[in-house]
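Student: Just a sequence and a predicted model for now, questions to come.
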Amino acid sequence: RTHPPAKYAACPRARNRRTIRNADSYFAFFTTVQLPREPRPQAPSAAVPARFRAGASGSSPWQEPFPSSRSSAPSHGVTQLHVPRLGRRPDAVRPTSTIDLVPGSLILAIETSCDETSAAVLRNGSQVLSNVVASQLVHSSYGGVVPELAAREHLRAIVPVVREAMRRAGVAYADLAAVAVTEGPGLAGALLVGISFAKSLAFGASLPLIAVNHLEGHIHAVLMQNCFQQDASPLLALVVSGGHTHLYLATRTRRQAGSTWRYRNVGKTLDDAAGEAYDKVAKLLGLPYPGGPWMDALAAYGQPDRALFPLARIKQKMSGRTAPKLARESAAALDQTRFDMSFSGLKTAVRRYVELRQMQPAIQTREQALRSMNLHQAKPDTANIACALPHFDAQTLNLIASFQSSVIDNLTRATFSAAGRYAARGVLVSGGVAANSHLRKIFLREARRVGLPIAFPEVALSTDNAAMIAAAAWPKLLAGEFAADNLEPAPQLRLG
């Protein structure tokens, strides 16, 4: 652990320094703000929230401009970042920028909920200036995300990822209007890294901090593209990924400062998420990690058998409402008809299929062959699929196609049944599984059949990224909904 020089502790003016540190064995992020002894008075600005104005809550009216480069003072093994100041001298030189800035329209967002470290800068909640994502490959040896390893990888990546996002956007911290960060749900250690960094940065730069629900971010990955008409409400949103499978009824609420969205959960998985089932079955069949994209690519070479994995049926009351012990929802939510799903049985059915047909030796041989070709961490592009395909027999390919067909049919039935029940004026699908080619094909066909508009995010915005967090933070910035100073991770945070 890196410590500040001893001379700072002995300095008689040390009480005039505020130090924010978030250090570990890999790096140290060290921000030092020198407070003036006799601050000059400054009139509050309407563009700055009251709690961040000069003199509020112990803050000071800083007057010095933000230097465009790091200090030349010795770092003592610590990365020192001199933060921007609220005020500017009339003769201050503004940092160079590659865009025409609109004051108060830029948001820096940070996303560290699972196994991707991401930072993005958005203007007006829709224009992506930069979106940097660092994926973690360390989990491939385990077939799933290891929480402690994920947190350590976030610690390694958070500083260079944020710096790269700011560099690509061509802006300085003084140009930002707010900092947004994922509050939850997610892995506790991973969330803590992003929240600690965002709080330090927001405090040092005297910027408001906005806490964003990760699930809401996935929904805004579609809404930010303005795919629906302004009066299209309510919308039925399916958030489907490796950790979540939820159905939300999203209703737009008009305000003077803009529109906000309210959400109500009308369905979810009662056990495994759809993406989680994909990854577990992929590991069972000896596919590289993450298995979802490989399953999607290989399913095109198989023939699905709909009778092999029938649709899961959720036990409901005579009224059509899910039993309380199965729904695990509040009493208010149980008053409405539910459209819950289950994917754990599909995973177990695949395992039984493999055991009864004694496919384990062929699976082990296939896994060793893929590792020998360095495909165990590769993406399923055309070249890699061509190399791997000779190691898959027809029985395995048909099994993969049948599994995928059953998962997509479950999602399709629940989504469009809920859309019809609540008279939704559009359907949006987001999350990592939304990048699945078969899912998009089936959902588009069903949407045309029932006459509903449907929208998907760009493939790059389907998986976890910070651009969707910034898009979800934009309405909160307009409404003045900022996070408290004691913001903490909420691993079990719900939406609606």
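Tutor: Yep, it's here.
Student: Low-confidence stretches in this structure?
Tutor: The chain contains residues with pLDDT under 70 at 1-104, 255-258, 315-336.
Student: Longest helix of it, counting residues only.
Tutor: Under DSSP state H, the helix in the chain containing the largest number of residues is helix 394-421.
Student: List the neighbouring strands of whichever helix or strand comes after it plus their orientation.
Tutor: Once the chain leaves helix 394-421, the next helix or strand it forms, by DSSP states H and E, is strand 427-430. Partner strands and pairing direction for strand 427-430 (DSSP bridges) are strand 235-240 (parallel), strand 454-455 (parallel).
Student: mind saving the C-alpha coords of strand 427-430 as CSV?
Tutor: As requested, the backbone C-alpha atoms of strand 427-430 are provided in CSV (Å, rounded to 0.1, in the frame of the first residue of the first chain):
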residue,chain,number,x,y,z
VAL,A,427,-41.7,-3.5,-27.1
LEU,A,428,-38.0,-3.0,-26.4
VAL,A,429,-35.5,-5.7,-25.8
SER,A,430,-32.2,-5.1,-24.1
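Student: Output the contacting helices and strands for whichever helix or strand comes after that strand.
Tutor: Moving toward the C-terminus from strand 427-430, the first helix or strand encountered (DSSP H and E) is helix 437-450. Using 3 or more CB pairs under 8 Å, 6 or more residues apart in numbering; DSSP states H and E as the contact criterion, the neighbours of helix 437-450 among helices and strands are helix 291-299, helix 394-421, strand 427-430, strand 454-455. Any C-beta I mention is one placed from the backbone N, CA and C, and that applies to glycine too.
Student: from the strands paired with strand 427-430, which stretch is densest packed?
Tutor: Across the strands paired with strand 427-430, the average number of neighbours (mean count of other CB atoms under 10 Å) peaks for strand 235-240, which reaches a mean of 28.
Student: Dump that one to CSV, keeping only the CA atoms.
Tutor: Extracted in CSV, the C-alpha atoms of strand 235-240 (Å, rounded to 0.1, in the frame of the first residue of the first chain):
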residue,chain,number,x,y,z
LEU,A,235,-43.8,0.3,-23.4
LEU,A,236,-43.1,-3.3,-22.5
ALA,A,237,-39.3,-3.8,-21.8
LEU,A,238,-37.6,-7.1,-21.7
VAL,A,239,-34.2,-7.0,-19.9
VAL,A,240,-32.5,-10.3,-20.6
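Student: Can you report how many residues lie near the closest residue to P310 other than its chain neighbours?
Tutor: By the measure of CB to CB, 6 or more residues apart in numbering, the closest residue to P310 outside its immediate chain neighbours is S406, 7.6 Å from it. Other residues near S406 come to 24 when the count uses other CB atoms under 10 Å.
Student: which one of the helices and strands packed on helix 437-450 lies closest to T269?
Tutor: Nearest to T269 among those is helix 394-421; the distance by CB to CB comes to 9.3 Å.
Student: Could you check the angle that closest one makes with helix 437-450?
Tutor: Using axes from the mean of the first three to the mean of the last three CA atoms, to 10 degrees, one finds that helix 394-421 and helix 437-450 are set 40 degrees apart in direction.
Student: With A473 as the reference, measure out to the residue lying closest to Q492 once chain neighbours are set aside.
Tutor: For Q492, the nearest residue in space outside its immediate sequence neighbours is P185; the separation is 5.9 Å by CB to CB, 6+ apart. In this structure, P185 lies at 17 Å from A473, with CB to CB, to the nearest Å as the measure.
Student: One more: T245?
Tutor: According to CB to CB, T245 and A473 sit 24 Å apart.
Student: gap between the two ends of stretch 136-147?
Tutor: The first and final residues of stretch 136-147 sit 12 Å from each other (CA to CA, to the nearest Å).
Student: Of all the residues in it, which ones are buried?
Tutor: Using 16 or more other CB atoms under 10 Å as the burial criterion, the residues of stretch 136-147 that qualify are 136, 139, 143, 145-146.
Student: Test my guess that V266 contacts A250.
Tutor: No - checked against CB atoms under 8 Å, the pair V266 and A250 is beyond contact range at 10.5 Å.
Student: Could you list which residues are in contact with T117?
Tutor: With contact taken as CB atoms under 8 Å, 6 or more residues apart in numbering, T117 is in contact with 111, 133-134, 136, 153-154, 157-158, 161.
Student: If we use 10 Å, what do you get?
Tutor: The neighbourhood of T117, defined by CB atoms under 10 Å, 6 or more residues apart in numbering, consists of 110-111, 132-136, 150, 153-162, 190, 193-194, 464, 466.
Student: returning to that earlier point: mind putting the strands paired with strand 427-430 in JSON lines, distance to M341 included?
Tutor: Shown next, in JSON lines, are the strands paired with strand 427-430 (distance: least, CB to CB, whole Å):
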{"stretch": "strand 235-240", "distance to M341": "10"}
{"stretch": "strand 454-455", "distance to M341": "19"}
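Student: Which one, of those, ends up nearest to L356?
Tutor: Taking CB to CB as the criterion, L356 comes closest to strand 235-240 out of the strands paired with strand 427-430, the separation being 29.5 Å.
Student: Excluding covalently adjacent residues, which one is nearest to S344?
Tutor: Across the structure, with CB to CB, 6+ apart as the measure, the residue nearest S344 apart from its sequence neighbours is D271 (3.8 Å).
Student: For that neighbour, which residues are in contact?
Tutor: For D271, the contacting residues are 245, 277, 312, 341-345, 347, taking CB under 10 Å, 6+ apart as the criterion.
Student: distance of it from F456?
Tutor: Here D271 is placed at a distance of 25 Å from F456 (CB to CB).
Student: all helices of the chain, in order?
Tutor: 6-10, 147-169, 188-205, 214-223, 274-284, 291-299, 324-327, 344-356, 360-372, 382-388, 394-421, 437-450, 459-462, 466-479.
Student: Which one of these lies nearest to L238?
Tutor: The closest approach between L238 and any of the helices of the chain, judged by CB to CB, belongs to helix 394-421 at 5.0 Å.
Student: chain center to that closest one: distance?
Tutor: 24 Å (CA atoms, centre = their mean, to the nearest Å).
Student: Return the set of buried residues in it.
Tutor: Applying a neighbour-count criterion of 16+ other CB under 10 Å, one finds 396-412, 414-419, 421 buried in helix 394-421.
Student: next one: stretch 474-486
Tutor: Judged by neighbour count using 16+ other CB under 10 Å, the buried positions of stretch 474-486 are 474-478, 482-483.
Student: Ok, stretch 357-372 next?
Tutor: In terms of neighbour count (16+ other CB under 10 Å), stretch 357-372 has its buried residues at 359, 362-363, 366-367, 370.
Student: Would you reformat those residues as a markdown table and include distance to C387?
Tutor: Below are those laid out as a markdown table (distance: CB to CB, whole Å):
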| residue | distance to C387 |
| --- | --- |
| M359 | 21 |
| A362 | 18 |
| I363 | 18 |
| R366 | 12 |
| E367 | 14 |
| L370 | 9 |
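Student: how about the strands in the stretch 51-200 of the chain?
Tutor: According to DSSP state E, counting those that start in this stretch, the stretch 51-200 of the chain carries its strands in the segments 79-80, 106-111, 116-123, 127-135, 178-184.
Student: ranking those by burial, who's on top?
Tutor: Of all the strands of the stretch 51-200 of the chain, strand 106-111 has the most neighbours on average by mean count of other CB under 10 Å, namely a mean of 29.
Student: The residue nearest to V146 when sequence neighbours are not counted: what's it in contact with?
Tutor: Excluding its sequence neighbours, the residue lying closest to V146 (CB to CB, 6+ apart) is H139, at 5.8 Å. H139 makes contact with 114-115, 145-146, 149-150, 153, 289-290, 377 under the criterion CB under 10 Å, 6+ apart.
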